[in-house]
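Enquirer: fold the following.
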Amino acid sequence: MPTYTALTTLPGEDEAEALGAALEQMDPAPVGVGVFEIEDGSGLWEVGAYFVEPPQEAILELFAVAFGAKSFAVSELPEIDWVAHVRRELAPVDAGRFYVFGSHDADKVPAILAEGGRIPLQIEATVAFGTGHHGTTLGCLKAFDRLAGAGFAPAWVADIGCGTAVLAMAAASVLPDAVVVASDIDRVAVDVAEANVAINNLAGRIECLEAAGFAHPRLAELAPFDLVFANILKGPLIELALPMAAHVAPGGRIILSGLLVVQAEAVTAAYLAAGFTPEAREDIGEWSTLVLRRN
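Expert: Residues are numbered from 1 along each chain as shown. Sure thing, here's the model as predicted:
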């Protein structure tokens with residue numbers, strides 16, 4: 001079945017949300033509408049609608065004019081099994097001691113194990129974020145590898161916005177006695193995380209929760225944490241600065257990513273104000289990863 005997309009941009013969150021709500025009333029109705037901030041400092045928001053029938057472009061143009069948006073770009077998407085395509089394209093990832101692979105590369109694992117000191121983590125290409133190929137996930141894995149190599153051994157670990165739970169699994173693999181919890185705002189991501197935990201023989205070692213940030217009784221119960229991963233986006237990272245301070249033990253570390261290089265200073269400033277000290281930063285391509293210590 002073909003899928004059609006209609007995408008536009010406009011300034012202002014309220015206007016973008018209003019346009020998204022209006023699109024949902026179209027006939028034919030879209031099967032989905034998304035409203036996202038463009039994380040490049042421009043202040044623009046992207047609004048997209050997805051249809052299984054060709055949308056009426058004249059109506060879309062009326063919406064664009066009414067809400068001060070650019071004209072919609074309408075495209076027909078090819079019928080591609082994207083998961084199968086991505087599996088073919090994704091090569092294994094080396095991130096310090098971690099070797100992240102998909103089931104299609106499982107035959108390479110024995111050689112990796114024979115090297116000694118390497119930790120294989122199987123992650124399938126799914127709807128959840130975090131296969132290790134993106135500069136943010138890779139940066140977090142490498143940052144944790146360096147901390148662990150320097151002797152940092154946290155006993156209480158949280159992966160906030162866990163996606164596939166690859167970061168939580170990396171921690172559980174290195175820290176056999178640590179309590180590790182992984183949470184995500186998306187129920188589907190939590191299900192994917194639980195499946196990956198089972199595939200990697202870590203069932204019972206990682207607790208997976210559905211939660212927005214730290215808003216879950218279990219996270220409050222386990223706090224304060226010695227290590228927190230948060231690989232999300234600039235806006236949510238800044239909003240989490242004070243809750244992060246409330247849930248991290250003095251001397252504990254946080255590893256933050258999901259932010260562009262141009263956003264790193266703003267995120268760092270928010271965490272300085274919340275009581276953290278920067279310890280390290282690595283930029284991979286256009287993405288930045290920060291390591292900070294709780295004062």
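
Enquirer: run the chain-centre distance for stretch 238-253.
Expert: 18 Å (Cα atoms, centre = their mean, to the nearest Å).

Enquirer: er, stretch 14-34 actually
Expert: Counting by Cα atoms, centre = their mean, stretch 14-34 comes out at 25 Å from the chain centroid.

Enquirer: mind listing what's buried in that stretch?
Expert: Neighbour-count burial for stretch 14-34, counted by 16 or more other Cβ atoms under 10 Å, picks out 15-16, 18-20, 22-23, 26, 30, 33. Glycine gets a C-beta too; all of them are placed from N, C-alpha and C.

Enquirer: taking those one by one, which sit in helices?
Expert: 15-16, 18-20, 22-23 (DSSP state H).

Enquirer: is it possible to export the residues you listed to JSON lines including distance to Ile206 and pLDDT?
Expert: As requested, those are exported to JSON lines (distance: Cβ to Cβ, whole Å; pLDDT from 0 to 100):
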{"residue": "Glu15", "distance to Ile206": "41", "pLDDT": "94"}
{"residue": "Ala16", "distance to Ile206": "36", "pLDDT": "95"}
{"residue": "Ala18", "distance to Ile206": "40", "pLDDT": "95"}
{"residue": "Leu19", "distance to Ile206": "40", "pLDDT": "96"}
{"residue": "Gly20", "distance to Ile206": "35", "pLDDT": "94"}
{"residue": "Ala22", "distance to Ile206": "42", "pLDDT": "94"}
{"residue": "Leu23", "distance to Ile206": "39", "pLDDT": "94"}
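
Enquirer: nearest to Glu124, of those residues?
Expert: Proximity of those to Glu124 was ranked by Cβ to Cβ; the top entry is Gly20 with 30.7 Å.

Enquirer: leaving out chain neighbours, which residue sits closest to the closest one?
Expert: With sequence-adjacent residues excluded and distances taken as Cβ to Cβ, 6 or more residues apart in numbering, Gly20 is closest to Val35, at 4.3 Å.

Enquirer: what sits against the one you found?
Expert: Applying Cβ atoms under 8 Å, 6 or more residues apart in numbering, we find Val35 in contact with 16-17, 19-20, 45-47.

Enquirer: quick check: beta-bridge partners of it?
Expert: Beta-bridge partners of Val35, counted by DSSP bridges, are Val47.

Enquirer: all strands of this protein, in order?
Expert: Using DSSP state E, the strands of the chain run over residues 3-11, 32-37, 44-51, 73-77, 93-95, 98-101, 119-122, 156-160, 179-184, 206-210, 225-231, 248-260, 276-284, 287-294.

Enquirer: quick one: find the helix or strand in the chain with the lowest mean pLDDT.
Expert: The helix or strand of the chain with the poorest confidence is helix 82-89; it has a mean of 52 (mean pLDDT, DSSP states H and E).

Enquirer: what's the least confident stretch among the strands of the chain?
Expert: Across the strands of the chain, strand 93-95 has the smallest mean pLDDT, namely a mean of 83.

Enquirer: quick revisit: now for the contacts of Val35, which pair is the farthest apart?
Expert: Farthest-apart pair in the contacts of Val35 is Glu17 and Glu46; separation 12.1 Å (Cβ to Cβ).

Enquirer: for Pro2, give me its contacts.
Expert: By Cβ under 8 Å, 6+ apart, Pro2 lies in contact with 52, 76-77, 79.

Enquirer: from these, pick the one nearest Pro278.
Expert: Closest approach to Pro278 among those (Cβ to Cβ): Leu77, at 41.9 Å.
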